[in-house]
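# Sequence and predicted structure are below.
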Amino acid sequence: MTTPLVARLRERLRPDQVRDGVAEVNLYRRDASNLSGHPAVVCFAESVDDVQAIVQVANEFMVPFVPRGSGTGLAGGAVPTAGSIVISTSKMNRIISVDPVNRIAWVEPGVLNLDLSTQIAHQGVHFAPDPSSQQTCSIGGNVANNSGGPHCLADGVTSAHIHAVEVVLPDGSITVLGGEDPEPVGYDLRGAFVGSEGMFGVATKVCVKLMQNAPDVATMLLDFADVADGAQLVSDIIADGIVPAAVEMMDQLCLQAVEAFIHAGLPVDQAAALLIEVVGLPATVAAQIDRIRALAATRNVGSIRVAADDAERALLWKGRKSAFGAIARIKPNYYLHDTVVPRHRLPEVLAQVYEIADRHDLLVLNVFHAGDGNLHPLLVYDAREPGVVERVHAAGEEIVRVSVAAGGVLSGEHGIGLEKRDLMPLMFSEVDLAAQADLRRAFDPGMLSNPDKVLPSPAGCGDIHSVPEGAWV
Amino acid sequence: MIVSSLDAAVAAFAEQVGDAGPVTVTGLGSRGGPVPAVRTVTAPSGIAWIQPAEMTICCGAGTPVADVDAALAEHGQCIALEDGGTIGGSLAVGHSGIRRLGWGPARDTVLQARYVSSAGEVVKAGGPTVKNVSGFDVCRLLVGSRGTLGFLADVILRTRPLPVDERWYTSTSDPWVLLADLYRPTSVLWDGHTTWVLLDGHGDDVAAQVELGGLRCAGGPPDLPPYRWSMPPSAVRSIAAESAAFVAEIGVGVVHHSQPAPVRDADATVRSLHDRIKHEFDPTARLNPGVDVLADS
């Protein structure tokens, strides 16, 4: 039976843009996390006017709405609140304009991250943030999560690459936050919106900064018998004044899984490998490779392999970016974590991660953005094994705690969403969280835009055990 | 100045700000100084720590930018903030220096900020690591907010390597041709006739870039006219037709101009959002009273 809400949405949009069939709605219950919700209806917006109409209807019926890009989020940020309207922006996927000289493009939020860089490659530019999910994640999702990726080490995460966002605010008004001009008048509302996880409104157009493609690229793979040596080299390189484009680390279990999958000749007998990429003009790249070789020699490096050509470079990166798929060879399920620690604490926190996994009788693989201290421990398991899920929960929470205790943060790029909402008090006091809630209320006084995410409810504030049901902390 | 901890100074600063009555903050007064005829406070100064391998520094907002740069230079690092005044003043105004094309904007420098709220409480925003998406980005909201939402007490900033061998060059070539042809110049300035380019890096690379761009050595950048305009970088060419003197940052859109910038209007929605944010953060409008961030400085 058609509800009044659905009937009203069908008046404002074309009927085929509004889907309330059980099978269709169920497809939108989850994102890429292990959490799920129960939306009332899914709307496929095709324009800013569509988004505005949906938000107006949400206000009319006082029903929450949840913006959604490709649904690749890992923290439950796009998991729909019960009875909510899911606003899918995946059909808003046009690249509107590209200015390759001033290096600015306007795109719709449903444009996929890699599609943007691929389609403008012939103009010598690219969009720098490159999450591992870049083949499927959308620019709108990148804006919501302030996404990262391996190449954010030198060039910064999404926020550094967004000039402006056209938004439908939670009250249904349309405006542009930020601008193509470098110093828009007033508060940095663009900066506040990026990373707001869908709680400040819906992005309907995004003005992105483009970066020049590098004239020269060198990708090197260095292996180590001791994980700590590799981790220490990362700090040595940065302290030496070199900021590579990317510094990724894979540990032995990960190397073995990936090698079995892609046959790239990875050093499967070593404890860890670093994938380092330096980019720039030829003499700079050559000098940096030499310097990294010299620094590596003081940290007991095993072999050093420099990709000879684009094909070999692509293979090495394929190894890095397909790690999560390769893991299915070990166990059917995995839980991927995301915390950040200061680079110089990497060796000891990694040791703690291994110890925690060991104590909970779990296998852990580490494949992560070592350059910025962004750990991604993967706990692999078989959910059919009795009691294992509880052990994964417990180990995961311990990993977050040791990361924060080491001077780190809860999330480097996945966001807080539902998953880590109730862990926010590990990092922020009640006063700190109240300020964030104030900002949220200024954008969304009616609290309709993706409610219940990021901020712990005041009643539960300070009680980090009130984790949402099904949450994987 | 190295201090062992800023905690006590931050707490004392919060006491000074208090929770009632109009109050204004000042640094070295190089960006306009405090609001006149209002009780004035100054933020803590001093560097708590530098972590070269993290490329981060923690300092009081009242620390002079020059002190921070001098202390970082010992580690071969610097910060991407406009010269002059204090760290807090530089961030509160939020302007970037003329290296923004290569170094990025001031707002990307702040990782964590502790500020004193309108209620006189110390509030932490952001986190100490270079990468962090834990919660909403209150740090970026504070940059450029001119002390209307809270008074910066201490900050953790991202540093960058010092330039290897930075040199200015000039050319009569079209600046957009140079912008397209050169690889990541640190700065490209243009006064309608001459283009200035700032290059840095390995000598062989710089020599090749100089050759490619037909560049000649210059003593330094041109003098900058006093007023600051902000426009889309693609619109900069249109101002060359005017008679007034200017120096434009090509690829950025900041134009240093001899005439005051035209008044820019925010739309009603943006103004209303500003009002709501100000009301949430400072319900009694006691912080830097009278400062309207929507009116150009």
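That came through fine.
# From here on, just use CA atoms for contacts and neighbour counts.
OK.
# What is the subsequent helix or strand relative to whichever helix or strand residue A:260 is part of?
When secondary structure is defined by DSSP states H and E, residue A:260 falls within helix A:252-262. Scanning the chain past helix A:252-262 towards its C-terminal end, the next helix or strand to appear is strand A:272-280 (assignment: DSSP H and E).
# what distance separates that following strand from the centre of its chain?
In terms of CA atoms, centre = their mean, to the nearest Å, the centre of strand A:272-280 is found 21 Å from the chain centre.
# Could you tell me which strands sit next to that strand in the sheet, and their orientation?
Here the strand partners of strand A:272-280, with direction, are listed using DSSP bridges: strand A:216-224 (antiparallel), strand A:246-251 (antiparallel).
# of all those, which gets the most neighbours per residue?
strand A:246-251 (a mean of 25; mean count of other CA atoms under 10 Å in any protein chain shown).
# List of residues touching that strand?
Contacts made with strand A:246-251 from outside it, assessed by CA atoms under 8 Å, 6 or more residues apart in numbering or on different chains, are listed as A:150-154, A:227, A:234, A:271-278, A:320, A:365-371.
# any idea of the angle that strand forms with helix A:252-262?
Regarding strand A:246-251 and helix A:252-262, their directions subtend 100 degrees when assessed with axes from the mean of the first three to the mean of the last three CA atoms, to 10 degrees.
# Which strands and helices lie in contact with the helix or strand where residue B:273 lies?
Counting by DSSP H and E, the secondary-structure element that holds residue B:273 is helix B:268-281. Contacting helix B:268-281 under the criterion 3 or more CA pairs under 8 Å, 6 or more residues apart in numbering or on different chains; DSSP states H and E are the following elements: strand A:174-178, helix A:430-443.
# out of these, which comes closest to chain B?
helix A:430-443 (5.1 Å; CA to the nearest CA).
# For the closest one, which residues meet the burial criterion?
For helix A:430-443, burial by neighbour count (16 or more other CA atoms under 10 Å in any protein chain shown) applies to A:432-443.
# so which of those residues are also by chain B?
The residues of these that also fall near chain B, by CA under 8 Å from any CA of the partner chain, are A:432, A:435-436, A:438-439, A:441-443.
# and the residue nearest to residue A:124 when sequence neighbours are not counted, what does it touch?
On the basis of CA to CA, 6 or more residues apart in numbering or on different chains, the spatially nearest residue to residue A:124 that is not a chain neighbour turns out to be residue A:213, at 5.4 Å. Listed by CA under 8 Å, 6+ apart, the contact set of residue A:213 reads A:124-126.
# please redo it, this time with the cut-off set to 10 Å
For residue A:213, the contact set (CA atoms under 10 Å, 6 or more residues apart in numbering or on different chains) comprises A:121-128, A:279-280, B:183-184.
# how about the strands in the stretch 51-200 of chain A?
Here the stretch 51-200 of chain A has its strands, by DSSP state E, counting those that start in this stretch, at A:65-68, A:85-88, A:95-99, A:104-107, A:125-126, A:162-168, A:174-178.
# For residue A:341, find the nearest of those strands.
With distances scored as CA to CA, the stretch of the strands of the stretch 51-200 of chain A nearest to residue A:341 is strand A:162-168 (25.4 Å).
# partners of the closest one, with directions?
In the sheet, strand A:162-168 lines up against strand A:174-178 (antiparallel), strand A:202-209 (antiparallel) (DSSP bridges).
# Give me the mean pLDDT for that strand.
pLDDT averaged over strand A:162-168 equals 98, rounded to a whole number.
# cool, and stretch A:215-229?
If you average the per-residue pLDDT over stretch A:215-229, you get 96.
# So what would you say the end-to-end distance of it is?
Counting by CA to CA, to the nearest Å, the length from the leading to the trailing residue of stretch A:215-229 is 31 Å.
# roughly how far out does that stretch sit from the chain middle?
Using CA atoms, centre = their mean, the distance from the centre of stretch A:215-229 to the centre of the chain it belongs to is 24 Å.
# can you check stretch B:106-123 too?
Distance, stretch centre to chain centre, for stretch B:106-123: 15 Å (CA atoms, centre = their mean).
# So which of the buried residues of helix A:430-443 is the closest to residue B:65?
Top of the list for closeness to residue B:65, among the buried residues of helix A:430-443 and by CA to CA, is residue A:432 at 26.8 Å.
# who's in contact with residue A:447?
With contacts taken as CA under 10 Å, 6+ apart, residue A:447 has the following neighbours: A:62-65, A:170-171, A:199-200, A:440-441.
# Turn these into JSON lines, including distance to residue B:53.
Supplementary listing: these in JSON lines, determined by distance: CA to CA, whole Å:
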{"residue": "A:62", "distance to residue B:53": "50"}
{"residue": "A:63", "distance to residue B:53": "49"}
{"residue": "A:64", "distance to residue B:53": "45"}
{"residue": "A:65", "distance to residue B:53": "43"}
{"residue": "A:170", "distance to residue B:53": "42"}
{"residue": "A:171", "distance to residue B:53": "45"}
{"residue": "A:199", "distance to residue B:53": "35"}
{"residue": "A:200", "distance to residue B:53": "36"}
{"residue": "A:440", "distance to residue B:53": "35"}
{"residue": "A:441", "distance to residue B:53": "38"}
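# So which of the residues you listed is surrounded by the most neighbours?
By neighbour count, taken as other CA atoms under 10 Å in any protein chain shown, the most surrounded of these turns out to be residue A:65 (33 neighbours).
# May I have the beta-bridge partners of that one?
residue A:85, residue A:449.
# pretty sure it is in contact with residue A:53, am I right?
No: at 12.0 Å, residue A:65 does not count as touching residue A:53 under the criterion of CA atoms under 10 Å.
# pLDDT weak spots in the chain?
Looking at chain A here, since you left the chain open. Residue ranges of chain A with pLDDT under 70: A:458-473.
# You answered for a different chain; I wanted chain B.
Short version for chain B, where the test is pLDDT under 70: B:1, B:296-297.
# How about the secondary structure of the residue of it positioned farthest from its centre?
Computed with CA atoms, centre = their mean, the maximum C-alpha offset from the centroid of chain B is found at residue B:211, amounting to 32.6 Å. Secondary structure assignment for residue B:211 (DSSP: H, G, I helix; E, B strand; the rest coil): helix.
# circling back: just the buried subset of the contacts of strand A:246-251, please.
Neighbour counting with 16+ other CA under 10 Å marks A:150-154, A:227, A:234, A:271-278, A:320, A:365-371 as buried within these.
# can you pull out the helices in chain B?
In order along the chain, chain B carries the following helices (DSSP state H): B:7-17, B:65-73, B:87-93, B:100-103, B:138-142, B:175-181, B:203-213, B:268-281.
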